[in-house]
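Peer 1: What follows is a predicted structure for the sequence shown.
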Amino acid sequence: MTGWFHPALLLRLMWRVILSDLFGQYADRRLIVAALDTVPPEDLVARAQQFLPGKDNEQLWTLDPDDQGAVWIDFVADLGDGFDATYAIASLLAQETLSVDGHSLKRGQMLFMGGDEVYPRAAPETYQKQLRDPYEWAFPDPNQRLIKGPPVFALPGNHDWYDGLVIFLSLFCRKDHMHLGGWRTHQRRSYFAVQLTDNWWLWAIDAQLDDDVDQPQKEYFIEIAKAMPPNAKIILCGPEPGWLYTGQAGNRALSVMSYIGWIALNQKKGLTVSLVLSGDTHHYSRYVADDGNTQFVTSGGGGAFLHPTHQVEASVDLDRKADGYTWLNNQIKKLALGSDGQGREAVYPSKAESLSMLAGNFGFAAYNPAFAMVLGSLYWLVALAGSFLPVDIYYIAPALFFAGFWGYTRKQEGGGVKIWLVSAVNALAHCLGVLLTADIVSWFNGRFADLGAWPRLSFWLYGAEMTVVGGLIAGTLFGVYLYVTSRWLNMNHNDAFSSMRRDSHRHFLRLRIQDDKVTVFPVGLTKIPRRDEWRVNAANLGTPSPTYVPEPGLAPHLIEQPFSVH
């Protein structure tokens, strides 16, 4: 799994974010792709309908209903972080039939990826090792010369956008149909609409890095909405679960999805948005709207590090026009966290499990030794400055630590009095950490390593000791900070779990569409096989079966009982 607190990675990501912020709006490749894709509206609609039975698509995969008249599709998001978790989920997706808790679930006739197909940055090697390899090994291509195969469509997430969407477009939006194992790409743009049955469509939105929908994308969905039959139903997919982010000042993820949904409703044809899906947050949670039908589901369990659930609110207020939060012109005003009717909330992992895992931050220095050593080197520099400025250091050190933590926390969580106070307490704690480290090192050297006769050697030894001991103390203090703020102050949830790089509690959604109803089966996989538990598949003798299988085998289960929307 990616070491998110490794200093070299942090610097690379910071540079990518700066470049994306500076130049993203001036080089929006969505506009370039749309300008090159100059086809009439009827062709855009034809692409969306090309997989329906009876269309002129003999060379393509068709969404033929099963013997009960149902069509199956899969949704997975936040894929490529570590290989083992990504490959385990890909292996489940690839199985022709999956037996889970008494249900026989057929492989999706289409696969939809909901964003962040690679981590931590968009690069050729990450797309190869963290996306293509696991999916191609899980579902080896049975017909390498044919276009015919289950289609795969993908939304870009923020990590896909960090190179300006260059590699994503070259893989997923190509005319020659990339073979992702047995799956085939078909999209021409980073956003798309697909007709799944006579009644159901799926719309997927690309909001770039700035929660923004470009004009060609708006026009695209307007044309799709015009061509849809009356009373059609929409599964709406976005790159971020805006309903979870309404506490973040200025976040526009919800308004972007609502705007695209309103394009459909504004056609006055009885179109409805009954199911809203997103990844980005790496847990499973489900909210039920106050209309009693619409469901908002976050499912980012395709392989990336686990996110917590203990902070998930019991309800979300969407009637907040003053804050910029509404849904479809106030058609839905409140969301309630789903449950099974027996007190078990629709979250995965459970809130109790999430809190239990959060305690792993007390071992922050062990999980992230390089970052801890950077903090330790700062301790040494502060102590060194104190030897030259024995009085001034008592206000210089707190000011420096406060500025650092305030800038970090403000970037992560926004401003406010709470952020100021947390930063001040953190600064004081680390000032005391420097004093404690200096006392420990001085006591040890005075008792066991008196090198007064060798001042240069003594200087470097003191620096090494301050860095190591200070790293352990500073890393532990930083882990305590993440634990306290995530558990009690509703802050730093992302960092508190990315620091531990947990690969458990992976999941995806399998959808069964029949007539006016979509039934969602949330498939979970709590334990991921270790690297040494994978074996070369002895049964893979020229047949399209997985390249590697685990011993013992995978044990998928339903996160909660299937739920339906109409």
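Peer 2: Received the coordinates, thanks. Numbering: from 1, shown residues only.
Peer 1: how about the strands of the stretch 1-150 of the chain, start to end?
Peer 2: According to DSSP state E, counting those that start in this stretch, the stretch 1-150 of the chain carries its strands in the segments 71-76, 97-100, 103-106, 111-113.
Peer 1: Figure out which of those strands is closest to D198.
Peer 2: The minimum distance between D198 and the strands of the stretch 1-150 of the chain falls on strand 71-76, with 10.2 Å, by C-beta to C-beta. All C-beta spots, glycine's among them, are computed from the backbone N, C-alpha and C.
Peer 1: ok, G463 - contacts?
Peer 2: For G463, the contact set (C-beta atoms under 8 Å, 6 or more residues apart in numbering) comprises W380, L384.
Peer 1: same deal with S99?
Peer 2: L105 are the contacts of S99 under C-beta under 8 Å, 6+ apart.
Peer 1: Show me what it is bridged to.
Peer 2: Applying DSSP bridges to S99 gives these bridge partners: S104.
Peer 1: circling back: most tightly packed of the strands of the stretch 1-150 of the chain?
Peer 2: Of the strands of the stretch 1-150 of the chain, the one with the most neighbours on average (mean count of other C-beta atoms under 10 Å) is strand 111-113, at a mean of 26.
Peer 1: about what we covered before: and the strands of the stretch 1-150 of the chain: which comes nearest G247?
Peer 2: Nearest to G247, of the strands of the stretch 1-150 of the chain and by C-beta to C-beta, is strand 71-76 at 25.3 Å.
Peer 1: partners of that closest one in the sheet?
Peer 2: Its sheet considered, strand 71-76 pairs with strand 111-113 (parallel), strand 506-514 (antiparallel) by DSSP bridges.
Peer 1: Domain map for this structure?
Peer 2: What automatic domain parsing lists as the domains of the chain is 7-349+504-541, 359-498.
Peer 1: closest one to V549 among these?
Peer 2: Of the domains of the chain, the one closest to V549 (C-beta to C-beta) turns out to be domain 7-349+504-541, at 4.8 Å.
Peer 1: re earlier: export the strands paired with strand 71-76 to CSV and append columns for mean pLDDT.
Peer 2: Converted to CSV, the strands paired with strand 71-76 look like this (pLDDT from 0 to 100):
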stretch, mean pLDDT
strand 111-113, 97
strand 506-514, 97
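Peer 1: Tell me which of those lies nearest to R286.
Peer 2: Each of the strands paired with strand 71-76 was scored for nearness to R286 using C-beta to C-beta, and the closest is strand 506-514 (10.1 Å).
Peer 1: Not counting the closest one itself, show me its contacts.
Peer 2: Defining contact as C-beta under 8 Å, 6+ apart, one finds that strand 506-514 is touched by 65, 68-76, 85, 88-89, 92-93, 98, 105, 108, 196-197, 200, 235, 277, 284, 297, 299, 301-303, 348, 518-525, 528, 559.
Peer 1: nearest to F563, of the domains of the chain?
Peer 2: Closest to F563 of the domains of the chain is domain 7-349+504-541 (C-beta to C-beta; 5.6 Å).
Peer 1: Next secondary structure after the helix or strand where N445 lies?
Peer 2: Assigned by DSSP states H and E, N445 belongs to helix 417-448. Next in sequence after helix 417-448, counting helices and strands by DSSP H and E, comes helix 455-488.
Peer 1: For that next one, list every residue counted as buried.
Peer 2: Judged by neighbour count (16 or more other C-beta atoms under 10 Å), helix 455-488 contains these buried residues: 462-463, 465-479, 481-487.
Peer 1: got it, and stretch 111-129?
Peer 2: Going by 16+ other C-beta under 10 Å, stretch 111-129 has these buried residues: 111-123, 126-127.
Peer 1: Same question for stretch 520-538.
Peer 2: Buried residues in stretch 520-538 (16+ other C-beta under 10 Å): V520, F521, P522, V523, G524, L525, I528, P529, W534.
Peer 1: Rounded mean pLDDT for that stretch, please.
Peer 2: Confidence over stretch 520-538 (mean pLDDT, whole number) is 94.
Peer 1: Out of the strands of the stretch 1-150 of the chain, which is closest to D495?
Peer 2: For D495, the closest of the strands of the stretch 1-150 of the chain is strand 71-76, at 24.4 Å, according to C-beta to C-beta.
Peer 1: Quick one: residues in contact with that closest one.
Peer 2: Residues from elsewhere that reach strand 71-76 (C-beta under 8 Å, 6+ apart): 63-66, 89, 93, 105-114, 196-197, 202, 237, 277, 279, 299, 301-302, 508-514.
Peer 1: Stretch 250-260 too?
Peer 2: Under C-beta under 8 Å, 6+ apart, the answer for stretch 250-260 is 203, 205, 207, 211-213, 218, 221, 236, 238-243, 245-246, 276, 278, 318, 324-328, 414.
Peer 1: Ok, stretch 385-397 next?
Peer 2: Here stretch 385-397 has contacts from V382, C431, V434, A438, using C-beta under 8 Å, 6+ apart.
Peer 1: hmm, 7 Å instead?
Peer 2: Stretch 385-397 is contacted by residues V382, C431, V434 when judged by C-beta atoms under 7 Å, 6 or more residues apart in numbering.
Peer 1: Can you give me the end-to-end span of stretch 100-115?
Peer 2: Length of stretch 100-115, first residue to last, C-alpha to C-alpha, to the nearest Å: 26 Å.
Peer 1: what about that stretch, distance to the chain center?
Peer 2: Distance of stretch 100-115 from its chain centroid, counting by C-alpha atoms, centre = their mean, to the nearest Å, is 19 Å.
Peer 1: And for stretch 489-508?
Peer 2: 10 Å.
Peer 1: hmm, back to that, now distance to L554 too, for the domains of the chain, in CSV please.
Peer 2: Below are these laid out as CSV (distance: least, C-beta to C-beta, whole Å):
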stretch, distance to L554
domain 7-349+504-541, 6
domain 359-498, 23
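Peer 1: hey, which of those domains is tucked in deepest?
Peer 2: Compared across these, domain 7-349+504-541 shows the largest average neighbour count, a mean of 19 (mean count of other C-beta under 10 Å).
Peer 1: Tell me the one of the contacts of stretch 385-397 nearest Q342?
Peer 2: Proximity of the contacts of stretch 385-397 to Q342 (C-beta to C-beta) peaks at C431, which lies at 49.6 Å.
Peer 1: OK, contacts around the closest one?
Peer 2: Counting by C-beta under 7 Å, 6+ apart, C431 touches A397, P398, F401.
Peer 1: cool, H566 as well?
Peer 2: The neighbourhood of H566, defined by C-beta under 7 Å, 6+ apart, consists of S274, N293, D516, K517.
Peer 1: quick one: the last one and S564 touch, right?
Peer 2: To tie it back to what came earlier, the one meant is K517. Yes - at 5.3 Å, K517 counts as touching S564 under the criterion of C-beta atoms under 7 Å.
Peer 1: For this structure, give me the ranges with low pLDDT.
Peer 2: By pLDDT under 70, the low-scoring segments of the chain are 17-26, 452-453, 540-544.
Peer 1: Name the helix or strand for V297, please.
Peer 2: According to DSSP H and E, V297 maps onto strand 295-299.
Peer 1: Next SSE downstream of that strand?
Peer 2: Next helix or strand after strand 295-299 toward the C-terminus (DSSP H and E): strand 315-317.
Peer 1: tell me which strands and helices that next one is in contact with?
Peer 2: Strand 315-317 is packed against strand 334-337, with contacts defined by 3 or more C-beta pairs under 7 Å, 6 or more residues apart in numbering; DSSP states H and E.
Peer 1: From the rest of the structure, what touches the next helix or strand after the strand it packs on?
Peer 2: Sequence-wise, the next helix or strand downstream of strand 334-337 (DSSP H and E) is strand 347-348. Surrounding strand 347-348, the residues in contact under the criterion C-beta under 7 Å, 6+ apart are H283, Y284, S285, T309, V312, H505, H507, G524, I559.
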